[in-house]
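Q: Turn this into a structure:
(2 chains)
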Amino acid sequence: MSSQAVRADRGLITPFNVIAGVIVIMGMVLTAWRFAGGLGAVTNLDNHYPWGLWIGLDLMAGVALAAGGFVTSAAVHVFGMKKYSSAVRPAILTGFLGYALVVIALHYDVGRPWRLPYPFIMSQGTTSLLFEVAACVALYLTVLFLEFSPAAMEWLGLKRARMIVVKLMLLLTIFGVVLSTLHQSSLGALFLIAPGKLHPLWYSSYLPVFFFVSAVVAGLSMVIFESSLTARYFADKMDEAHKQEKTTVAFGFAKAAAFTLVGYFFAKLIGIAVDNNWHYLASGYGAWFLVELLGFVALPAFLFAIGSREKKLGLVKFTAVWTVFGIILNRLNVSLIAFNYHLPASERYFPSWQEIGTSIFLITLGLIAFKFIVTRMPILYSHPDYPDEH
Amino acid sequence: MEGILTLHDFMLYTKSVTYILVVVALLGLAGFFWFLNERDEDDQDEPGIEH
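A: A predicted model of the protein is given here:
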């Protein structure tokens, strides 16, 4: 065996590849099990809980965390904040992969993948929020693909096609912002149909507003988190401009996240005041609500503010991860934990190991795709043929 | 809470609290915005720092 071949072998057997390989094999087994045996074979779903972990985590939290794409591209292309331009491609890629995984996860929950286009071509439920979410996600995934495509075209050398898409970028960004505003809020609006099932502290007529505002925070935090991860694991793929701008991006986005979180905090208080739900705060669910509101909204707002004021990069990175956990917790609270709060503990839902395994499998697929693209395409550096166009 | 007997009482009470909260929120947001940007303004005022 030549020395090059030995190096290639060593390159393949890395801790990431081994762990990801095991998870992918497990995921493929679970996939076959789910589609052959149906939902009952692999999930703990029942008539009380038709939506479980795959909707609460993979879809609800996944869509929120993928909001970095529209937030960053709007900041740069619409509001002209060019100092954040190095963050656009990684954010768009994260958003594109996030939404692609949301659609894949939806297949696991809905089943019969060949019927995915039915809402558009067979029976349009135009008065349904789910139809609106489906239409927006389908259109926005297409927009994200187009926004991401210049990087792939630079890699493939498709100069003419790339030029056409780059000229459409502002239009695509505006379309993306409109679609994101619509479906991020509609995901919250889905729960307006269940006032008797969702705990009053989480149920509010302002749920669409809460979901949209918290999605903006999730997007900002994910861009900071993802930028710190890429700086650590893909530093060799970053050019000087991207390395220099990552600190500017972190502090600027931390400031925006802090301000948005304070707005979200007051909005949540107003949500309680409008329905006069203050007395619920003295209950067990009230304590849990305060953990979310104070620990994962007020605290990160304060920490982001201190981090951006004092220029403490470590604090900003930590707070970004903390906020991401907070958004995931909020989506799980609304869709699972505070849902059916009146049921006895014996009838409450807890995901099966197969559901958890499938979610881990899907997240791993996203990481593999991200690594594949970042190591090949000009995401973290400017392509030599287009040096000033990022 | 004990004084709320009618829908009118409920609306009057909740709206009153909400309007007070909205004023507090607006003042709080303005103060927080100043807190966030105070250092940047100080930096811009200093003649030796380039931006």
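
Q: any idea which helix or strand carries the residue in chain B that chain A sits nearest to?
A: Taking CB to the nearest CB, chain A has its nearest neighbour within chain B at residue B:25, 3.6 Å off. Heads up, the C-betas are built off the backbone N, CA and C, glycines and all. Using DSSP states H and E, residue B:25 falls within helix B:7-45.

Q: and the helix or strand where residue A:22 lies, how far from the chain's centre?
A: Using DSSP H and E, residue A:22 falls within helix A:15-37. Its chain's average C-alpha position is 22 Å from that of helix A:15-37, according to CA atoms, centre = their mean, to the nearest Å.

Q: residues in contact with that helix?
A: A:41-43, A:108, A:111, A:354, A:357-358, A:360-362, A:364-365, A:367-368, A:371 (CB atoms under 8 Å, 6 or more residues apart in numbering or on different chains).

Q: from those, which are also near chain B?
A: Here nothing survives when those are matched to chain B using CB under 8 Å from any CB of the partner chain.

Q: Residue A:232: which of those is nearest?
A: Among these, residue A:371 lies closest to residue A:232 (CB to CB), at 13.1 Å.

Q: okay, and for chain B, where does confidence drop off?
A: Applying pLDDT under 70 to chain B flags residues B:1-2, B:41-51.

Q: and it, which residues reach chain A?
A: Checking chain B against chain A by CB under 8 Å from any CB, the hits are B:1, B:4, B:10, B:13-14, B:17-18, B:21-22, B:24-25, B:28-29, B:32-33, B:35-39.

Q: and stretch B:15-35, which residues are buried?
A: Using 16 or more other CB atoms under 10 Å in any protein chain shown as the test for burial, stretch B:15-35 gives B:17, B:18, B:21, B:25, B:32, B:35.

Q: Without its sequence neighbours, what residue ends up closest to the second one?
A: The reference is to residue B:18. Among residues not flanking residue B:18 along the chain, residue A:273 sits closest, at 4.7 Å (CB to CB, 6 or more residues apart in numbering or on different chains).

Q: Can you report phi and psi for the residue in the stretch 251-390 of chain A that chain B sits nearest to?
A: Using CB to the nearest CB, residue A:266 is the residue of the stretch 251-390 of chain A that sits closest to chain B, at 3.6 Å. When read as degrees, to the nearest 10, the backbone of residue A:266 gives phi -70, psi -40.

Q: Mind checking if the one helix or strand residue A:218 maps to is in reach of chain B?
A: Using DSSP H and E, residue A:218 falls within helix A:207-233. No: contact of helix A:207-233 with chain B (CB under 8 Å from any CB) is absent, the minimum separation being 12.7 Å.

Q: Buried residues, that helix. List them.
A: A:207-228, A:230-231.

Q: for the residue nearest the centre of chain A, what are its contacts?
A: By CA atoms, centre = their mean, chain A has its centre lying nearest to residue A:65, at 2.2 Å. Residues in contact with residue A:65, defined by CB under 8 Å, 6+ apart, are A:98, A:218, A:219, A:222, A:324, A:327, A:328.

Q: go on, residue A:38?
A: Residue A:38 sits next to residue A:111 when contact means CB under 8 Å, 6+ apart.

Q: And for residue B:17?
A: With contact set as CB under 8 Å, 6+ apart, residue B:17 has these partners: A:273, A:276.

Q: try residue A:88
A: Residues near residue A:88 by CB under 8 Å, 6+ apart: A:72, A:73, A:76, A:77, A:390.
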